[in-house]
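>>> Let's see this in three dimensions:
(4 chains)
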Protein chains: 4
Amino acid sequence: MIMAHKNRIGNLFSLTSFGESHGPAVGGVIDGMPAGITIDMEQLQREMARRRPGQGGTTSSRNESDEVEILSGIMDGVTLGTPIGFIIRNRDQRSADYDHLKDVYRPSHADYTYQAKYGIRDHRGGGRASARETAARVVAGALAKQALSKLGITITASQVSQASQMSQVSQVSQVSQVSQVIPVIPSIPQNSPSKIEGDGGSMTHPSQYHDKTNNTPFLCDTYGGVVNCVIKGVPAGLGEPVFGKLSAQLAEAMMSIPAAKGFEIGLGFDFVNHRGSEVLDKFVMKDGKITTETNFSGGIQGGISNGSDITFNVAFKPVATLMQPVEGVDGQGNTVTIEPRGRHDSCVVTRAIPIVEAMAAIVILDNVLINRASRL
Amino acid sequence: MIMAHKNRIGNLFSLTSFGESHGPAVGGVIDGMPAGITIDMEQLQREMARRRPGQGGTTSSRNESDEVEILSGIMDGVTLGTPIGFIIRNRDQRSADYDHLKDVYRPSHADYTYQAKYGIRDHRGGGRASARETAARVVAGALAKQALSKLGITITASQVSQASQMSQVSQVSQVSQVSQVIPVIPSIPQNSPSKIEGDGGSMTHPSQYHDKTNNTPFLCDTYGGVVNCVIKGVPAGLGEPVFGKLSAQLAEAMMSIPAAKGFEIGLGFDFVNHRGSEVLDKFVMKDGKITTETNFSGGIQGGISNGSDITFNVAFKPVATLMQPVEGVDGQGNTVTIEPRGRHDSCVVTRAIPIVEAMAAIVILDNVLINRASRL
Amino acid sequence: MIMAHKNRIGNLFSLTSFGESHGPAVGGVIDGMPAGITIDMEQLQREMARRRPGQGGTTSSRNESDEVEILSGIMDGVTLGTPIGFIIRNRDQRSADYDHLKDVYRPSHADYTYQAKYGIRDHRGGGRASARETAARVVAGALAKQALSKLGITITASQVSQASQMSQVSQVSQVSQVSQVIPVIPSIPQNSPSKIEGDGGSMTHPSQYHDKTNNTPFLCDTYGGVVNCVIKGVPAGLGEPVFGKLSAQLAEAMMSIPAAKGFEIGLGFDFVNHRGSEVLDKFVMKDGKITTETNFSGGIQGGISNGSDITFNVAFKPVATLMQPVEGVDGQGNTVTIEPRGRHDSCVVTRAIPIVEAMAAIVILDNVLINRASRL
Amino acid sequence: MIMAHKNRIGNLFSLTSFGESHGPAVGGVIDGMPAGITIDMEQLQREMARRRPGQGGTTSSRNESDEVEILSGIMDGVTLGTPIGFIIRNRDQRSADYDHLKDVYRPSHADYTYQAKYGIRDHRGGGRASARETAARVVAGALAKQALSKLGITITASQVSQASQMSQVSQVSQVSQVSQVIPVIPSIPQNSPSKIEGDGGSMTHPSQYHDKTNNTPFLCDTYGGVVNCVIKGVPAGLGEPVFGKLSAQLAEAMMSIPAAKGFEIGLGFDFVNHRGSEVLDKFVMKDGKITTETNFSGGIQGGISNGSDITFNVAFKPVATLMQPVEGVDGQGNTVTIEPRGRHDSCVVTRAIPIVEAMAAIVILDNVLINRASRL
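You can find the predicted model right below:
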């Protein structure tokens, strides 16, 4: 029942965000934060630090302190139940770096599509399409996490080191341990001709490129990756069973993250390699409670949480902004060569981890609140 | 900006559905159908026929005519702009087939989760969790398709025959044809130890099981699969760029289909096997229009359609209802053996195809309407 | 936080309705009815009977049994938490009565505005604009009332007999009784030159008109009126304090009823006749609880219920369909005289009473559920 | 189809607001502003100036510059189509003025109801319940007005000087001028015993009270009033005909303004004083267009605009914060006397005028955008 509406996500607990990469600020309004929760602002800033640029092998990272200013909704450290407005100033903008992009559409960027939609766009640093908007998501997610922690719900995402975990998957389907079996993505063919040895996960040995202005070497190509997320402590019963399946809500929330191109829950795409009889999650009693022996389903049955860990994967494409010359077009369709400028991450996945957690927290808290209406 | 809210999906064009598998009827209300569109009711019934049970190797299919009765919103074959109420009577119910499930939770079904959420459930044929609810989706989708066809937009889904298309993917990334390159899922490892030879796609040579009552043999296990969907003719500019990315909306809509466990757009999970420089969709001019040479992105950049074909995959798990005895639990957690009864498909994927198309049509029409507000 | 969206009203508890007056049926989907509530279907039918035509001095009332067929969401008389689909067949339609209106816009009807909006309309009996759509509201309201009654909340509307209650208002402001003081509308000037003596409230002595076909006399003019509604037992804390004020939600719900033209809460428009010091609701202790001595506010302060009775008035204009010849225009703007046909009420107010109650019940139940999210 | 959701109002064009009266700032996010509109920031600040305190006979007005800082969504003075975040700093707070209210519930304020809802409240200056939140409404309304003006739609509100306009109403119903007849509220009985001579409209000769600290005299009581609003240039066809009637949306928007207690459209409550035959808006041709001779309906028929001026009235109660001692209670229900402090308006109506216009602009722009989906 999460509702993504333009720049808003969530229903009873929602975030409405705003901000271009090179405008005065990004920020948002968190509406529906339950009243009476003591907020740890230092914890919030730590979440912000996890998202900051320069964590994925960037050459010349943007130096943003990402200091969150809370403008309302919290008094003496306690939530009031009223909306929490917040801003994060854009301080280290270097907008002139982007002058050459004013009339150019870069390949695999949102330049052309924004122009097609709005007839105008902020070309500086991607404008609204910049990953900078995710700062607002992390603020909302950090508050949601603090509320959820009071209910014993924790959310942990991590980058999947594909090769090693693939074998772990094999073990899992053979050994079938109770409940803690977390399937990971099986979607990396081991000997695909297009496989980049060693790079997908660890990003070692990348090619290098020399910055013309200061002659420092840096990564000249980019890499995608997969983030796995595990949500523990979710009670059975969350999610709306038809269009608002908890898995559908999570899919929407994750696929709304910049560069996200795939989502799967539980065994996900690997389900198609198994017969139904192989992947039933049989019920067992444990500590006097009904639970399941395996967790192929990823903690959700028929769209509703079943009390097991919720586990899902999100695939991110390589960032489209390369530190090497690429070909774009101008508004008339003429090919133009775009020299690399600005500051960009070579791999977005590390920074995506706190964003995945934030989006998961928003969805789960919203559903905790919504589920209170299931019975009188 | 599609909004899935309990039993409603869509914003300016929306479907609110209702109905249990063994209640009097399923149906819904389609709100926001534009006025003045002539509806081909026979075409609608043909879509319904594609979704009907008994198309996936079922032994004893439920004989539902799935006749749609339109109750409002269409006069003399033309839409009025008012809501279109419709019902589909449940005629061939055999509810007694389900008496043995009244106090039993079947593994990997929604029995336990519905009970956890509502404290009550309709145990007959899965109740609301039955795939029978998808009949309403196909009605709304069929009307949306008819509206979209007037705008030159077509939607075609098909089951992916994995092995053959994998090689096609290789061709694609080598040959790089303009625009029509449709990547398909690369997620089936060719020699995984858990691979069921020949079954995943074609479902040949399944094991058999004998129905005790009439001694006929039938499929005793179930199979999942992947559905690929291609949307042609979508203009550039659809989708809301942050939380309401068109890809996120499609993900939510697809993941709301029963048994859906994964979604990927364009190259999807295979993006993680490529460097950024390998998967840029370079712009080219074609027929005086800006388009892209390849379509790794699947027709969406920054959450907004770019005018290329929109292509995505949906993974479906094997149906959890097997035609063989399985172990469940009762409300007290005691293990019970559940003998197969009722009528069930061995592979849901064939039936899922029109549902995938329907959900895509709902999302695209909604966004066509929403996008009219982008500029004054 | 109620959200009226085209043909849907409500958020966690919502009604999506459909149906033209002379189509096959009217009906709707009630989504978010809490699970586990035993429904009294006879009580529901009694509510339907209160709304039926022919209760306001009609000459030739439409004979609709208004039998509600529940299609889902209730099993063995108990709500499942799943959506409740329902239909009410249109049986006594006499559509030919409306052939003369096909190309004519009647004054003060929705004929012209529907045509302007949709470019097409169902001219038979007002189509979607007919008060027949309110049957669906009464169904949803009846179920909401049954849920609310379990929480001790009751809703009672009645027609205001203006003259007598005006003096009661005077008494109220002089005597100031505790809590039970229910202000009623002061908006009827006692000696306005346009006052229709005796008609506004009691509709006695109306003019008569003779039906040409059967020579029976009937009312030839129509009358409006005011409905007062009192909601008892609402706990303090309902309503969202800024845009979703409980008073704003009630206003929207009431003003969505056909022919509603005014809404006021508590003293309403009469507030402008008083100094602030005269109309403060002073707090008093009663039975160990904080309450107020008077209730000028109508039970809502700052948009949130304060535990006192919620009282408001709704003004209805006289029905625009007269039983006398009126002048309309055709599509080309030519004046045409429209002879009275069909069957119409002379005063809509009696029938509006159960509709006012129904809309109030929808709003209050929705807010009861929403308010559960105010604190963790 | 406007949707008021906690601190958000509007659908395709929406405002999400935040801010407590004595927190760091108030502000909001305007989502769905169409792209490509040149914004006149000085005009926006002029609207803000109209809303500022100290315009209604205040003794010691709060000195707020109400300077709006736009943080996103506008580049080089032109809207981008992306969300417009903005803040207005709270500068002149004097929070200590409110220390005495920390544990006290003032009569007819939101103190008690906020506490009941959230279990916590910001007691300083009314917190979120302060009229200060309306600053955000005026920002959104000012932008909406600028968009509407490009479509030829203008919105003008004014305080009703009751006595004089009452007679104008009489003229209207006798003379029946074409189209420009704007009915105003008839709800002020001319010789009601509770009438405050001369005060309701003009606020002349109020009682005075002496400020203990500086011995200056000031108004010791407060007054309500009625604001009439006229919207010109609205095309026929706006509004959703059932639950989202344009009149219902306007009612909700207006009743969400602090101190609003009544709403009526067209003749409003005065409709009950007339027979149906007296208040039909007969069609006439004018300049080759179908229009109506009178406008008793207030420009809306069946919930949809008919092209005539939209006219409605909003009743505001006297502000509950008096400049004289009043009795309140503490949390234990003990009566406490509250001495007047802080700075408060004696009549809110002057300041309400730009807010009424702002809310009307939000509703109309939203519906202009929504109506584009009525036909394909």
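>>> where's the residue of the stretch 251-376 of chain A found nearest chain D, which helix or strand?
The nearest approach of the stretch 251-376 of chain A to chain D comes at residue A:369, 11.7 Å away (Cβ to the nearest Cβ). (Each C-beta comes from the backbone N, C-alpha and C, glycine too.) Following DSSP states H and E, one finds residue A:369 within helix A:349-371.
>>> Farthest from the middle of chain A: give me that residue.
residue A:288 (36.0 Å; Cα atoms, centre = their mean).
>>> How about that residue, nearest residue that isn't a chain neighbour?
Nearest non-adjacent residue to residue A:288, counting by Cβ to Cβ, 6 or more residues apart in numbering or on different chains: residue B:333, 7.9 Å away.
>>> give the contact list for the one you found.
A:283, A:285, A:288, A:289, A:290 (Cβ atoms under 8 Å, 6 or more residues apart in numbering or on different chains).
>>> Kindly state the pLDDT recorded for residue A:333?
Looking at residue A:333, its pLDDT is 87.
>>> gap between it and residue C:312?
Noted for residue A:333: a distance of 62 Å to residue C:312, by Cβ to Cβ, to the nearest Å.
>>> Now the helix holding residue A:369 - C-alpha only, CSV.
The C-alpha trace of helix A:349-371 is given here as CSV (Å, rounded to 0.1, in the frame of the first residue of the first chain):
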residue,chain,number,x,y,z
VAL,A,349,27.0,-0.1,-5.1
THR,A,350,28.8,0.8,-1.9
ARG,A,351,26.8,4.0,-1.6
ALA,A,352,23.6,2.2,-2.6
ILE,A,353,23.7,0.1,0.5
PRO,A,354,22.4,2.7,3.0
ILE,A,355,19.9,3.8,0.4
VAL,A,356,18.5,0.2,0.1
GLU,A,357,18.2,0.1,3.8
ALA,A,358,16.5,3.4,4.0
MET,A,359,13.9,2.5,1.4
ALA,A,360,13.3,-0.8,3.1
ALA,A,361,12.8,1.0,6.4
ILE,A,362,10.3,3.4,4.9
VAL,A,363,8.3,0.6,3.4
ILE,A,364,8.3,-1.6,6.6
LEU,A,365,7.4,1.3,8.9
ASP,A,366,4.6,2.3,6.6
ASN,A,367,3.2,-1.2,6.6
VAL,A,368,3.5,-1.6,10.4
LEU,A,369,1.3,1.4,10.7
ILE,A,370,-1.1,0.3,8.0
ASN,A,371,-1.5,-3.1,9.4
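>>> Now find how far off-centre that helix is within its chain.
What separates the centre of helix A:349-371 from the centre of its chain is 8 Å, taken as Cα atoms, centre = their mean, to the nearest Å.
>>> Same question for stretch A:248-258.
The gap between where stretch A:248-258 is centred and where its chain is centred comes out at 8 Å by Cα atoms, centre = their mean.
>>> For chain A, give me the ranges with low pLDDT.
Low-confidence segments of chain A, defined by pLDDT under 70, span residues A:1-4, A:54-64, A:92-95, A:161-219, A:342-344.
>>> packing partners for the helix or strand hosting residue A:49?
Using DSSP H and E, residue A:49 sits within helix A:41-51. Secondary-structure packing of helix A:41-51 (3 or more Cβ pairs under 8 Å, 6 or more residues apart in numbering or on different chains; DSSP states H and E): helix A:134-149, helix A:349-371.
>>> Would you format those as JSON lines with distance to residue B:32 and mean neighbour count included?
Below are these laid out as JSON lines (distance: least, Cβ to Cβ, whole Å; neighbours: other Cβ atoms under 10 Å in any protein chain shown):
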{"stretch": "helix A:134-149", "distance to residue B:32": "29", "mean neighbour count": "25"}
{"stretch": "helix A:349-371", "distance to residue B:32": "24", "mean neighbour count": "27"}
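>>> Enumerate every residue touching residue A:43.
A:142, A:146.
>>> For chain A, which segments count as helices?
Assigned by DSSP state H, chain A shows helices spanning A:41-51, A:111-118, A:134-149, A:162-175, A:199-202, A:246-255, A:349-371.
>>> Put together a markdown table for these, with distance to residue A:327 on each row.
Formatted as a markdown table, the helices of chain A follow (distance: least, Cβ to Cβ, whole Å):
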| stretch | distance to residue A:327 |
| --- | --- |
| helix A:41-51 | 31 |
| helix A:111-118 | 13 |
| helix A:134-149 | 28 |
| helix A:162-175 | 31 |
| helix A:199-202 | 23 |
| helix A:246-255 | 28 |
| helix A:349-371 | 26 |
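>>> These: which one's closest to residue B:338?
For these, proximity to residue B:338 was assessed by Cβ to Cβ; helix A:162-175 is nearest, at 23.1 Å.
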